[in-house]
Each structure stands twice: as C-alpha cells, then as structure tokens.
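Engineer: Using only what follows, build the 3D model:
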Amino acid sequence: MMSPRVSCTCVLVVHLIVVITGLLIADGTALTIEHSKKQRKACAPTPFPKIKGPRSKHDKIAIIGAGPSGIHMAYRLKEEGYTSVTVFEKNDYIGGKSKTLQHRGVPHEMGTVYTQPEYTEIYNLITKFNAGNLLPMPEPDVWVNENSPVFLSSLENSIRILQNLRPNVTTSVGTGIILQNIIDYVTLHQKMFGIYKGVMPRPCPAVLSQVNMTFGEFLRINNLDGLRGILLSSQTIQGYGKVDEISALYGMIWTTPYFLSEIVKPVAPRDRVVKILSKGFQFLWEEIARQSKLKVKLSSSVKKVSRLKQGRGFYVKYRHGRRLRCEKFDFLITSPMMKSMSDVIRFEPEVHELFKKSFNYYYTTTFGGY
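Structural biologist: Residues are numbered from 1 along each chain as shown. You can find the predicted model right below:
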C-alpha cells in the first residue's frame with residue numbers, strides 16, 4: 001500500500017508537468033510566451049530608471065557596511081575600473097548578516113542560510129573565488145508553534161499551515177489546493193509581469209494598482225493561501241519579511257514562477273535546488289574582499305555623514321579605536337538598514353518618516369546536541 005508521502009509525490013509529478021510544460025489560464029488555453037506578450041501589449045513593462053553613479057573612475061567612493069551588498073558593490077566597482085573605493089565596517093569582521101560560526105568543522109549560519117534556484121550571481125561568485133561547494137539543503141526540524149517541531153520545507157508542513165486557516169481541509173484536499181495554488185500563482189504572475197529572465201521589469205501603472213497591498217492580502221484576494229507554508233521558508237526565514245507585512249510587489253519579485261516550480265519538484269535529496277555553502281556564506285564575502293584586495297576598514301563605525309555646503313561631495317566622520325577621524329569623498333553608498341542610518345545621515349523629513357517605521361525580526365537557531 002502506498003504511503004501518504006509517496007502519494008503526494010505522485011500528485012506533485014503530474015501537476016508539475018503542467019506547471020513546466022504548458023500552463024493553463026482561465027479559459028483552458030495554454031499560456032505561451034506569445035500569449036503573454038499579447039496580453040501585456042497595452043501595458044508594456046519599462047526598465048527601471050538608472051541611478052546616477054560617480055562622475056569619474058577616479059572619484060573617491062565610500063561604502064558603509066561590509067556585508068554582502070557592501071562587499072559586492074565594492075567588488076563590482078573595482079571590476080568596472082573605479083580606483084578609489086573604501087568600505088567602512090563597524091564590526092571587526094567582514095560579512096555583516098552573513099555571519100557563520102564554525103562548530104566541529106561544520107559551518108552554522110547565523111544570518112544568510114541558503115540559496116535559491118535563481119541565485120545565479122552567487123553561484124558565479126562561489127565558482128570564481130573558489131569559496132567551497134554547493135550542498136543540498138538538509139530538512140531541519142523547526143518549531144512553528146510551541147508544541148512540536150515539524151519539517152519546514154515538507155508538503156506536510158504546508159498542509160498543516162493551510163489547515164490552521166481552513167480546519168475542515170483534509171490532507172488529500174490540502175495537497176490539491178496547494179498544487180493548484182502554485183499553478184494559479186504562476187499563471188497570474190506571468191499574466192501580470194510577463195515572462196522574463198533576471199530582474200523583473202518595471203510594471204505599468206495598471207499592474208502596480210493590482211499589487212498595491214501586502215503580499216498576504218494579495219494571497220487572500222486571489223485565493224492563494226495554500227502557498228503560505230512554502231512562503232514561510234522561502235520568504236520569511238530567508239529574511240525577506242512576513243507575507244502580512246511586506247508589499248505584494250516585493251514578495252512577487254522574490255517568489256518567481258521558476259522558483260516555485262523548482263522548489264516543489266519531487267527529487268532525491270542530493271538533487272534539491274535549495275543549496276547551502278560547504279564553507280559558509282561569510283567565507284564567500286571574506287574571499288571576495290581578500291582576493292580582490294578591497295580596501296575595508298574594520299572596527300570603523302561611521303558616526304556622521306555631512307554633505308559639503310559648497311561643491312560636490314561628503315565628509316564621513318568615523319571612529320576607529322579611540323580616535324575620531326574624518327575623510328572627504330565624492331560619492332556615498334550605504335548598505336545597512338536605513339533606519340539605523342537616521343542618526344548618521346540627515347534625511348528629508350518624509351524619507352525619515354518612512355524609514356523609522358521599519359524594524360527587525362530575529363530568527364533563532366541552535367546547535368543540536370549530538
């Protein structure tokens with residue numbers, strides 16, 4: 001007799017063939033690239049506006065924060081030929097939120113945890129800087145309530161979360177709801193944003209009006225609550241926020257059709273598309289900084305950034321040890337959470353009002369006692 005887990009896997013195979021080879025829209029016709037183009041002809045996406053960069057390759061550039069975004073920006077600038085880039089980091093280590101503790105020779109992530117199928121830039125960096133191997137993500141035991149641990153990424157957990165919203169849903173019905181929600185979400189996503197590779201193009205105003213709400217509200221309105229279990233691990237645990245608090249557009253930028261179709265494929269554990277780094281994420285950023293010979297000032301907490309009253313540029317005042325120092329730069333890039341920068345940079349009142357509403361969530365992990 002087939003076990004419930006095997007039965008679910010068989011259903012997954014059938015439904016995912018539909019997801020991958022030919023999605024159906026409401027009238028039962030196949031959703032193709034050409035069809036999507038026709039639907040979006042009256043509301044074509046446009047490229048996001050470019051941010052003005054430094055005027056000269058010899059401009060002095062200051063980057064605040066030696067986490068993933070700060071180190072990656074410094075690396076890319078140096079690759080593009082910029083000759084004077086300085087990274088300021090308040091801690092005595094590189095990595096920021098990508099902090100890895102080594103325990104018995106095994107990396108334990110305290111921030112960035114795993115990769116997703118579309119992390120192509122990360123995969124390229126790992127290869128280029130020889131920063132270890134990609135390993136399949138093991139299924140951890142995670143407490144989602146006070147009673148007992150469950151498998152975070154399993155179909156059973158997604159069904160359990162759905163049953164909290166709809167108590168009368170059985171396991172078999174819940175499986176069907178979740179899989180149909182995946183198909184419906186992929187169809188809706190491609191109908192709204194088109195089929196693209198890389199960064200989502202800027203949606204037209206008509207589409208933006210349809211996502212002017214939280215991601216959670218978008219799921220409810222479109223009867224997609226069956227995705228909440230998947231999004232718990234892909235969105236919240238990864239640090240992209242809770243679905244009931246982040247914007248729908250932000251959630252849909254991260255939760256792409258390709259990601260959803262890949263994440264639920266029934267594959268052997270070694271072939272899982274979610275990966276971890278054999279040496280940890282922090283090692284990757286350390287190696288980029290070391291091999292690229294980036295100028296990183298550790299234990300250098302930036303205290304104040306002041307725009308020059310006359311001319312172009314900034315003064316960056318920072319503390320290194322007991323000494324308070326000041327340097328002039330032509331261009332400034334900040335990578336920390338903007339709320340934490342409100343005492344460092346004088347924002348416009350309306351900008352300050354937006355940033356002060358942001359806050360942190362903490363996801364606690366622990367070592368298993370073996």
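Engineer: So which elements touch the helix ranked longest in the chain?
Structural biologist: Assignment by DSSP state H gives helix 171-193 as the longest helix of the chain. When contacts are defined as 3 or more CB pairs under 8 Å, 6 or more residues apart in numbering; DSSP states H and E, helix 171-193 packs onto helix 4-21, helix 33-39, helix 155-165, helix 205-210, helix 228-231, helix 248-254, helix 257-263. All C-beta spots, glycine's among them, are computed from the backbone N, C-alpha and C.
Engineer: okay, the nearest residue to residue 277 once chain neighbours are set aside: pLDDT?
Structural biologist: Nearest non-adjacent residue to residue 277, counting by CB to CB, 6 or more residues apart in numbering: residue 132, 5.2 Å away. At residue 132, the predicted lDDT confidence score is 93.
Engineer: And the longest helix of the chain, what's buried?
Structural biologist: 174-175, 177-179, 181-193 (16 or more other CB atoms under 10 Å).
Engineer: ok now it, how far from the chain's centre?
Structural biologist: 21 Å (CA atoms, centre = their mean, to the nearest Å).
Engineer: if we can go back for a sec, I'd like to know how many residues surround the residue nearest to residue 277.
Structural biologist: 17 (other CB atoms under 10 Å).
Engineer: How about residue 76?
Structural biologist: When neighbours are counted by other CB under 10 Å, residue 76 comes out with 13.
Engineer: is it fair to say it lies in a helix?
Structural biologist: Yes: counting by DSSP: H, G, I helix; E, B strand; the rest coil, residue 76 is found in a helix.
Engineer: Can you give me the distance of it to residue 120?
Structural biologist: Distance, residue 76 to residue 120, by CB to CB, to the nearest Å: 15 Å.
Engineer: Next up, the contacts around the residue sitting nearest the centre point of the chain.
Structural biologist: In the chain, the residue lying closest to the centroid (CA atoms, centre = their mean) is residue 240, at 5.6 Å. Contact partners of residue 240, counting by CB atoms under 8 Å, 6 or more residues apart in numbering, are 246, 250, 251, 254.
Engineer: picking up where we left off before, for the longest helix of the chain, the averaged confidence score.
Structural biologist: 90.
Engineer: what does stretch 263-277 give?
Structural biologist: Here the average pLDDT along stretch 263-277 is 79.
Engineer: and what of stretch 112-123?
Structural biologist: The model assigns stretch 112-123 a mean pLDDT of 87.
Engineer: for that stretch, how far is the first residue from the last?
Structural biologist: Stretch 112-123 has an end-to-end distance of 14 Å (CA to CA, to the nearest Å).
Engineer: ok, and what's touching that stretch?
Structural biologist: Residues outside stretch 112-123 that contact it (CB under 8 Å, 6+ apart) are 68, 97-98, 134, 137, 234, 237-239, 256, 258-259, 262-263, 273-277, 281, 284.
Engineer: now, which of these lie within helices?
Structural biologist: 68, 258, 259, 262, 263, 281, 284.
Engineer: Identify the residues contacting the third one.
Structural biologist: With contacts defined as CB under 8 Å, 6+ apart, the neighbours of residue 259 are 116, 117, 118, 234.
Engineer: if you set the cut-off to 10 Å instead, what comes out?
Structural biologist: Taking CB atoms under 10 Å, 6 or more residues apart in numbering, we find residue 259 in contact with 116, 117, 118, 119, 186, 230, 234, 273, 274.
Engineer: same question, the last one
Structural biologist: In this structure, residue 284 makes contact with 68, 71-72, 95, 98, 100, 112, 122, 125-126, 129, 131-132, 277, judged by CB under 10 Å, 6+ apart.
Engineer: Which single one of those residues is nearest to residue 157?
Structural biologist: residue 112 (21.9 Å; CB to CB).
Engineer: quick one, phi psi at the closest one?
Structural biologist: The phi and psi values for residue 112, taken as degrees, to the nearest 10, are phi -60, psi 130.
Engineer: The one 5 residues further on now?
Structural biologist: The phi and psi values for residue 117, taken as degrees, to the nearest 10, are phi -60, psi -30.
Engineer: Tell me, how many residues neighbour it?
Structural biologist: 17.
Engineer: Residue 300 pairs with what?
Structural biologist: According to DSSP bridges, the partner residues bridging residue 300 are residue 320.
Engineer: what about it, neighbour count?
Structural biologist: Residue 300 has 22 nearby residues by other CB under 10 Å.
Engineer: Any figure for the gap between it and residue 72?
Structural biologist: Relative to residue 72, and taking CB to CB, residue 300 is found at 19 Å.
Engineer: what does residue 326 give?
Structural biologist: Residue 326 is 27 Å from residue 72, by CB to CB.
Engineer: rewinding a little: the contacts of residue 259: which two are farthest apart?
Structural biologist: 119 and 186 (19.4 Å).
Engineer: Report how many residues lie close to the residue nearest to residue 44 when sequence neighbours are not counted.
Structural biologist: In space, and not counting its chain neighbours, residue 44 is closest to residue 204: 6.7 Å by CB to CB, 6+ apart. Per other CB under 10 Å, the neighbour tally for residue 204 reads 16.
Engineer: So residue 204 is in contact with residue 43, correct?
Structural biologist: Yes: between residue 204 and residue 43 there is a contact at 4.0 Å, judged by CB atoms under 10 Å.
Engineer: what is in contact with those two at once?
Structural biologist: Shared contacts of residue 204 and residue 43, counting by CB under 10 Å, 6+ apart, come down to residue 192.
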